[in-house]
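S.K.: below is the structure, and that's it, no one-letter string:
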Ligand code: FAD
Ligand code: NAI
């Protein structure tokens, strides 16, 4: 980095929030630098999150299917063996290809990539401790905080990423644990529990609340998901809190009791996964040097234009408010660069989808029944099961349903909740419908190709204001 030159935009963090903003800024003709300490771009998502987890989810599903779901398809297989190092290598290859790809996009869009740890020196200057040794400073007219998040630790259990692991250890285990305890039945817990359970681990998920799936998942969907995951071999302890952990000696013990208090029980396992949420990461960022504050959950405080109280310093992604999702961070990246370069930008926070990549997948957008009831909104529900969908039948993959919720008076779509094959792809149509303010009738009167899973989507829309044809 050249110390003399002042950039239009300096970005701290090269995760999805930071790298997308950097590319967009470069495309808009801004002079931009992006500081990343990890040694590779893409942040949590590409390096240790979305991408490696999906590689393992896909390949462990294939393995599990070959073991348990081929005979009635007319396929006879011989000895099936797991080669875990090779499965991990496939994951690493996908990650390396994608992270390197961002470096190429940086060059293509004139983004200066500074490998190092950034910290505020003053309101316009970031000091960088370089990965290769030495220091530099970089000055910016605007500065963007995009430093992301980290796993919330469980008090009393020291993370070693071998026996007591976060998701980072869970995507890199060297052997399949015989027994695994998962603390937290949210998205990370269930995705990682799926991987290791499919590969042969005996997995118990302990969840404090009365339903799995974390915040936002519709109750009916969460119930169905739990049923199907149980059928695959996972065990659940709901309404149960973990009170203590002990990783001394062989294996790990965790003590649990009913959330409302009650008898204690000890769970033994070879590996414990801590998946109780993530928290914003601002360690060593020097926020105190410029008087910036975080809220009680560690989030950098911003206004609707992503400005901190120092107006040319903004924050987006996991380090601030909103769902901790890569595509949410990506929308904010585009909007924040537009605010900086044009003075206006927009993200529709009411239409950000959520997807859980288990099998079947779970996906939703908008509001769920619990939320609408609490808000006293009158609504209609239309539901269609995949067991009545022709394509799901030919695929012998018929578990789950599509559920539409629309306003009782206007039929405007309020929420769509899917559990079923390819739900994560199917929800895109729901997001678009919500974004366009569509009614369920709008969707139902749109032609959907036959035979496709998406016909279940259309029929659920139809069932919301009328009757489905095939159910
Ligand atoms: P991050 O990706 O955390 O990036 C921040 C970057 O800033 C990091 O690379 C960090 O090294 C760097 N940094 C921090 N401080 C400094 C500093 N002082 N100087 C320089 N660099 C610094 N989301 C989805 O939408 N879909 C998924 O399927 C999905 N799967 C996930 C699976 C797992 C196991 C996990 C853990 C998360 C998953 N997420 C998923 C969430 C997703 O990863 C995050 O929402 C996303 O990465 C947030 O992007 P970000 O850029 O805000 O933060
Ligand atoms: P989460 O907030 O989704 O779930 C944490 C769960 O742990 C909650 O259900 C909570 O009730 C439970 N819990 C908390 N303390 C507990 C305790 N002491 N005992 C038992 N249960 C306890 O957080 P998670 O799963 O760690 O994920 C973090 C973030 O990463 C989420 O915001 C998620 O959106 C994101 N992510 C997204 C993915 C996706 O989009 N597919 C995949 C993985 C992560």
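M.R.: Perfect, thanks for sending it. Computed from a prediction, not measured in an experiment: that's the story for all the values here. Numbers count the residues shown, from 1 in each chain. Ligands and ions are numbered 1, 2, ... in the order given.

S.K.: residue 435 against residue 351, yeah?
M.R.: Yes. Using C-beta atoms under 8 Å, residue 435 is in contact with residue 351, at 4.8 Å. Glycine gets a C-beta too; all of them are placed from N, C-alpha and C.

S.K.: okay, the two: which has more neighbours?
M.R.: Neighbour comparison, residue 435 and residue 351: the larger count goes to residue 351, with 17 against 12 (by other C-beta atoms under 10 Å).

S.K.: and the more buried one, how far from residue 322?
M.R.: Here residue 351 is placed at a distance of 13 Å from residue 322 (C-beta to C-beta, to the nearest Å).

S.K.: okay, now the residue in the stretch 301-450 of the chain that ligand 2 sits nearest to: neighbour count?
M.R.: Here the stretch 301-450 of the chain gets closest to ligand 2 at one residue, residue 324, 3.6 Å apart by C-beta to the nearest ligand atom. Look at residue 324: counted by other C-beta under 10 Å, it has 18 neighbours.

S.K.: tell me who's in contact with it.
M.R.: 149, 278, 318 (C-beta atoms under 8 Å, 6 or more residues apart in numbering).

S.K.: just read off the phi/psi values of it.
M.R.: phi -80, psi 80 (degrees, to the nearest 10).

S.K.: quick check: closest non-adjacent residue to it.
M.R.: residue 318 (4.6 Å; C-beta to C-beta, 6 or more residues apart in numbering).

S.K.: that neighbour and residue 45 touch, don't they?
M.R.: No. Residue 318 is not in contact with residue 45 according to C-beta under 8 Å; the separation is 9.4 Å.

S.K.: anything in contact with each of those two?
M.R.: 15, 329.

S.K.: of these two, which one has the most company?
M.R.: residue 318 (29 against 24).

S.K.: spatially central residue in the chain, please.
M.R.: Closest to where the C-alpha atoms of the chain average out (C-alpha atoms, centre = their mean) is residue 325, at 4.7 Å.

S.K.: tally of neighbours for residue 266?
M.R.: There are 10 residues near residue 266, going by other C-beta under 10 Å.

S.K.: quick check, it in a strand?
M.R.: Yes. When DSSP: H, G, I helix; E, B strand; the rest coil is applied, residue 266 is found to be in a strand.

S.K.: in the sheet, who's paired with it?
M.R.: residue 255 (DSSP bridges).

S.K.: distance of it from residue 245?
M.R.: 10 Å.

S.K.: shared neighbours, the two?
M.R.: Contacts common to residue 266 and residue 245, judged by C-beta under 8 Å, 6+ apart, are 253-255.

S.K.: most neighbours among the residues you listed, which one is it?
M.R.: residue 254 (25 neighbours).

S.K.: for that residue, what are its contacts?
M.R.: Residue 254 sits next to 157, 181, 183, 206, 242, 244-246, 266-267, 269, 272 when contact means C-beta under 8 Å, 6+ apart.

S.K.: go on, residue 82?
M.R.: 63, 176, 199-200.

S.K.: how far away is it from ligand 2?
M.R.: Residue 82 is 23 Å from ligand 2, where distance means C-beta to the nearest ligand atom, to the nearest Å.

S.K.: and the pLDDT for that residue?
M.R.: Residue 82 is assigned 98 on the pLDDT scale.

S.K.: secondary structure class for residue 55?
M.R.: Assignment for residue 55 (three-state DSSP): helix.

S.K.: what about it, how many neighbours?
M.R.: The burial count assigned to residue 55 is 20, neighbours taken as other C-beta under 10 Å.

S.K.: for residue 313, same thing?
M.R.: What residue 313 shows, counting by other C-beta under 10 Å, is a neighbour count of 24.

S.K.: same check on residue 73?
M.R.: 10.

S.K.: and the pLDDT at it?
M.R.: 98.

S.K.: nearest spatial neighbour of it, skipping sequence neighbours?
M.R.: That would be residue 396: by C-beta to C-beta, 6+ apart, it lies 6.5 Å from residue 73.

S.K.: for that neighbour, give its distance to ligand 1.
M.R.: 26 Å.

S.K.: can you classify that residue as helix, strand or coil?
M.R.: coil.

S.K.: mind checking pLDDT for the closest residue to ligand 1 within the stretch 301-450 of the chain?
M.R.: For the stretch 301-450 of the chain, the residue closest to ligand 1 is residue 317, as judged by C-beta to the nearest ligand atom, at 2.3 Å. pLDDT recorded at residue 317 is 98.

S.K.: so what's it closest to, chain neighbours aside?
M.R.: Here the residue nearest residue 317, using C-beta to C-beta, 6+ apart, is residue 17, at 2.9 Å.

S.K.: what secondary structure does that neighbour sit in?
M.R.: helix.

S.K.: could you do residue 142 as well?
M.R.: Taking three-state DSSP, the label given to residue 142 is strand.

S.K.: just the contacts of residue 324: which are in strands?
M.R.: 149, 278 (DSSP state E).

S.K.: can you pull the contacts of whatever residue of the stretch 151-300 of the chain ends up closest to ligand 1?
M.R.: When scored by C-beta to the nearest ligand atom, the stretch 151-300 of the chain has residue 167 as its residue closest to ligand 1, at 3.4 Å. With contact taken as C-beta under 8 Å, 6+ apart, residue 167 is in contact with 48-49, 53, 151, 188, 192, 273, 275.

S.K.: give me the pLDDT value at the closest residue to residue 252 other than its chain neighbours.
M.R.: Nearest residue to residue 252 in three dimensions, chain neighbours excluded: residue 272, at 4.4 Å (C-beta to C-beta, 6+ apart). You'll see residue 272 listed with a pLDDT of 98.

S.K.: number the chain from 428, please
M.R.: Shifting the count to begin at 428 puts that one at residue 699.

S.K.: wait, residue 795 touches residue 640, no?
M.R.: No. Contact criterion C-beta under 8 Å: residue 795 and residue 640 do not qualify, at 10.2 Å.

S.K.: who has more neighbours, the two?
M.R.: Per other C-beta under 10 Å, whichever of residue 795 and residue 640 has more neighbours is residue 640, with 26 against 21.

S.K.: name the SS class of that one, please.
M.R.: Put simply, residue 640 is coil when judged by three-state DSSP.

S.K.: pull the contacting residues for it.
M.R.: So residue 640 contacts 612-614, 617, 648-649, 652, 783, 789 (C-beta under 8 Å, 6+ apart).

S.K.: okay, and which of those map to strands?
M.R.: Using DSSP E, the members of the contacts of residue 640 that fall in strands are 783, 789.

S.K.: as TSV, the contacts of residue 640 with distance to residue 560 would be great.
M.R.: Shown next, in TSV, are those (distance: C-beta to C-beta, whole Å):
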residue	distance to residue 560
612	44
613	39
614	38
617	42
648	51
649	50
652	49
783	42
789	46
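
S.K.: need the per-residue pLDDT for the residue of the stretch 578-727 of the chain closest to ligand 1.
M.R.: At residue 594, pLDDT is 98.

S.K.: and it, its phi and psi?
M.R.: phi -60, psi -30.

S.K.: separation between it and residue 600?
M.R.: Relative to residue 600, and taking C-beta to C-beta, residue 594 is found at 11 Å.

S.K.: residue 801 now?
M.R.: 40 Å.

S.K.: look at those two and report which has more neighbours.
M.R.: residue 600 (23 against 9).

S.K.: if anything else comes up later, I'll come back, but that's it for now.
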